[in-house]
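Q: predicted model follows, preceded by the sequence.
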Amino acid sequence: MKLKDKVAIVTGGGTGIGKAIALEFAHAGSDVVICSRNIQNLERVRDEIVALGRRSLAITMDVRVKPQVDTMVQEVIDEFGRIDILVNNAGINRPTPILDLTEDTWNLLFDTNLKGTFFCTQAVVKHMVKQRYGKIINISSTAALGANEPGQAAYAASKIGVNAFTKACAREFGPYGINVNTIAPGRILTPLIYASRTPEQVDKFIEVGKSSAVLGRLGIPEDVAHLSLFLASDDSSFITAEVVACNGGRTNLMGH
């Protein structure tokens, strides 16, 4: 088991990519703490993790609120005594043309996607530095790699910030045995895709995704989870400061 007896935190762990990562880690032997603002989703995932024979906590938390982040981290330390893995997965998107983009929407995306990543990393890495070991995985997007689509200005800018923050963290924390990497997913079929679009829009999303990837399909949350397991395990011990795309071979990025 690649993560035997490790302790992991996965933000946004109640649905989609975060849920898949949490369950992947549990299958690999890790105890997993999952956090988000929706306790119902978290409790369902927690029960699945416990059914796999691992310990789990479901903690309601908003990554934008530093005291809530700090309280969550202390609760994990009190319960498990250590934190080996952090996955900064919590994030949102509000596709909006630039001319219609409000300051509130801009701030919402940056506060959640970038500042939330900073808050969680800062709170967790203090403990990783003391134990001189840790794996941090940030979830970015191919929107931050040049997959330019209308309405994604604020989202892409926030995720570019995540990529830059990843490299800065890898530089500062590498001497303490901490690996920091980013996964940049492409089009991934999650429940949010269906919940936020009409059936016609979902069909269009899938059609465009298939035609723009050389593998001819969209990704599923488990695709990202498998890569997360590799980066969370000691199989990737000599990999840090990297932004790894998981997008099926996006043809509009192959020159990058």
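A: Thanks, I have it.
Q: what is the neighbour count of V73?
A: Using other C-beta atoms under 10 Å, V73 is surrounded by 25 other residues. C-betas here are computed from N, CA, C, even on glycine.
Q: and the pLDDT for the closest residue to it other than its chain neighbours?
A: Distances taken as C-beta to C-beta, 6 or more residues apart in numbering place A123 nearest to V73, at 4.3 Å, with adjacent residues excluded. Looking at A123, its pLDDT reads 98.
Q: ok, now M1?
A: 89.
Q: can you offset everything so residue one is 251?
A: Sure thing, new numbering starts at 251, so read that last one as M251.
Q: please report the distance of it from R332.
A: 17 Å (C-beta to C-beta, to the nearest Å).
Q: can you pick out the residue with more neighbours from these two?
A: Taking other C-beta under 10 Å, M251 and R332 do not tie; R332 has more neighbours (15 against 10).
Q: quick one: contacts for the closest residue to the more buried one other than its chain neighbours?
A: Of all residues not flanking R332 in the chain, V257 sits nearest, at 5.5 Å (C-beta to C-beta, 6+ apart). By C-beta atoms under 8 Å, 6 or more residues apart in numbering, V257 lies in contact with S280, D281, V283, V326, F330, G331, R332, I333, D334, I335.
Q: let me have those in CSV, extended by pLDDT.
A: As requested, these are exported to CSV (pLDDT from 0 to 100):
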residue, pLDDT
S280, 98
D281, 98
V283, 98
V326, 98
F330, 98
G331, 98
R332, 98
I333, 98
D334, 98
I335, 99
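Q: what is the neighbour count of the residue nearest to V323?
A: Per other C-beta under 10 Å, the neighbour tally for A373 reads 21.
Q: you'd agree it is in a helix?
A: Yes. Judged by DSSP: H, G, I helix; E, B strand; the rest coil, A373 forms part of a helix.
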